[in-house]
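1. Quick one: sequence plus predicted model below, questions after.
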Amino acid sequence: MILRLPRVLNDHRGLLLFLALMLCVRAAVADFNDVPSASMHPTIVEGDRVLVNRLAYDLKLPLAGIVLARLGEPARGDVVVFRSTAAGTRLIKRVVGLPGETVALRDNRLYVDGLAADYDLVGQGADGGVLASERLGAMRHGIRLAPRPAPVAWFGPVTVPADHYLVLGDYRDNSADSRSYGLVPRAELSGRAERVLFSLDYGRWLRPRPERFWLSLDGSPPT
């Protein structure tokens, strides 16, 4: 027996409407993304699923990506998700340089317009590296440094043009970011990552990490 398409659509209109609304919500309002790399340690670890606020900066036409209105501007310290044309993939990094600012790294110390960030030692990583908190103005968050600094520990100075942002990974010696792919155009931003929805341990058969569920990404230092 061949079912007629109109009847199928009518019988399942509630489900189809729900799926369509969910697709629109994920495209324009909120989404969740898997994090497969270590570049944002200690803030975000592999296996975290992060909640992305797609209305943090722009109101976009669902599925088309057309900006209907600018709702806000990225702030220093925001963790942003963007699809990088230069890298050819989706990335998640931290905004450290805003339009008009001059940014540099000197032996992994961050300078913005000549002002140096402050650092407090928090502990030691499993690899013998350093865990620290980085503070510059209202920005405060954890960073991780490798036991031996990489060449990317020295960078810039670079002046950020209008509607662009300089982003870095919190694992400074193990992150492909603006030091590799250049500045991020505002048009590439998908939204701001705000929380870890849930987390699965890839090294332990996808065992849940309850202590990371609903964890805020507000810039708290590592523990």
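-> Arrived safely.

2. Checking residue 180 next. Helix, strand or coil?
-> Residue 180 falls in the helix class when you classify it by DSSP: H, G, I helix; E, B strand; the rest coil.

3. centroid residue for the chain?
-> residue 92 (3.0 Å; C-alpha atoms, centre = their mean).

4. Who is it paired with across the strands?
-> Here residue 92 sits in beta bridges with residue 81, going by DSSP bridges.

5. Could you report the separation of it from residue 116?
-> Distance of residue 92 to residue 116, computed by C-beta to C-beta, to the nearest Å: 26 Å. Yep, even glycine has a C-beta here, placed from its N, CA and C like the rest.

6. next one: residue 91
-> 26 Å.

7. between these two, which one's more packed in?
-> The neighbour count for residue 91 versus residue 116, taken as other C-beta atoms under 10 Å, is higher for residue 91 (23 against 12).

8. So which residues of the chain form helices?
-> 5-11, 13-28, 178-181 (DSSP state H).

9. Which of these has the lowest mean pLDDT?
-> For the helices of the chain, mean pLDDT drops lowest on helix 13-28, to a mean of 44.

10. Would you mind listing where this structure has pLDDT under the threshold?
-> Residues of the chain that meet the criterion pLDDT under 70 lie in 1-33, 35, 63-64, 219-223.

11. Which residues does residue 104 form beta bridges with?
-> Assigned bridge partners for residue 104, using DSSP bridges, are residue 111.

12. In contact with it, which residues?
-> Counting by C-beta atoms under 8 Å, 6 or more residues apart in numbering, residue 104 touches 110-111, 155-158.

13. go on, residue 207?
-> Residue 207 neighbours (C-beta under 8 Å, 6+ apart): 200-201.

14. how far away is it from residue 121?
-> 30 Å.

15. Residue 217 too?
-> For residue 217, the distance to residue 121 equals 22 Å [C-beta to C-beta].

16. okay, these two: which has more neighbours?
-> Legend: neighbour count by other C-beta under 10 Å for residue 217 and residue 121, higher for residue 217 (22 against 9).
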